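Chemist: only geometry, no sequence info:
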């Protein structure tokens, strides 16, 4: 069972470069999320989506963009990478956002901006 | 707004010790409550959940009871193992259906 798959697992970027973190889920979930986790800290929501064609900002959206053209895929785009974007990024999905629904996480993407 | 507060870590215990990690919440209504666990180098995974007041969630020897009166969802385990070393997150969905996570509590178990 694949669940939530993220690529790449590790990446080093230079300041000002751009890249896309890929995320795919095979559970036919409507809701998808991108979180970042800074060292020793909790999770902060970057963007989320409640279905194909619908996206919305979370707590820390600046410097990122997302799209949701299909139910399965939810890529996160970093434009003009900055050292402050060095973090671990987690993609997640759930059937719905309502109470009682479990969120399933990918294994994470470790990004370093130098 | 809705929020989750966890005890600060790290928590260091010897193997077979009793574990409690405190979690209190502020929320509108009575949302489901979750504990997630993050093992080193991995993503978060659901440990247990409770969907209504007085429910007890349990898994892998861990338990947590949804206490409406004290707005708490403390995680407990009677005898911890080295393999329980991880970061534990308390969480709940807010009124906008986004999951709010606590800051996490790092647990170290010494053999």
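Modeler: Structure's in. What do you need? What you see is a predicted model; the values in this text were computed from it and never measured.
Chemist: what element comes up after the worst-scoring helix or strand of chain A on mean pLDDT heading to the C-terminus?
Modeler: In chain A, no helix or strand scores lower on mean pLDDT, DSSP states H and E than strand A:104-105, which sits at a mean of 90. Reading on from strand A:104-105 to the C-terminus, the next helix or strand found by DSSP states H and E is strand A:109-113.
Chemist: so what strands line up beside that following strand?
Modeler: As defined by DSSP bridges, the strand partners of strand A:109-113 come to strand A:10-13 (parallel), strand A:87-94 (antiparallel).
Chemist: Report the secondary structure state of the residue nearest the centre of chain A.
Modeler: For chain A, the residue nearest the mean C-alpha position is residue A:34 (2.8 Å; C-alpha atoms, centre = their mean). Recorded secondary structure, residue A:34: strand (DSSP: H, G, I helix; E, B strand; the rest coil).
Chemist: correct me, but it touches residue A:88?
Modeler: No. Between residue A:34 and residue A:88 there is no contact, the gap being 11.6 Å when judged by C-beta atoms under 8 Å. C-beta coordinates here come from the backbone N, C-alpha and C atoms, glycine included.
Chemist: how about low-confidence regions in chain A?
Modeler: For chain A, applying pLDDT under 70 flags the ranges A:1, A:97-100.
Chemist: residue ranges of the strands in the chain, please?
Modeler: The chain I'm using is chain A. Counting by DSSP state E, chain A has strands at residues A:4-7, A:10-13, A:19-25, A:31-37, A:43-51, A:54-57, A:64-66, A:76-78, A:87-94, A:104-105, A:109-113.
Chemist: Not quite, go with chain B.
Modeler: B:3-6, B:11-14, B:19-21, B:23-26, B:33-38, B:44-50, B:56-59, B:62-65, B:75-77, B:86-93, B:99-101, B:105-110.
Chemist: So is the fourth one next to chain A?
Modeler: No. In terms of C-beta under 8 Å from any C-beta of the partner chain, no part of strand B:23-26 sits within range of chain A; the closest distance is 12.5 Å.
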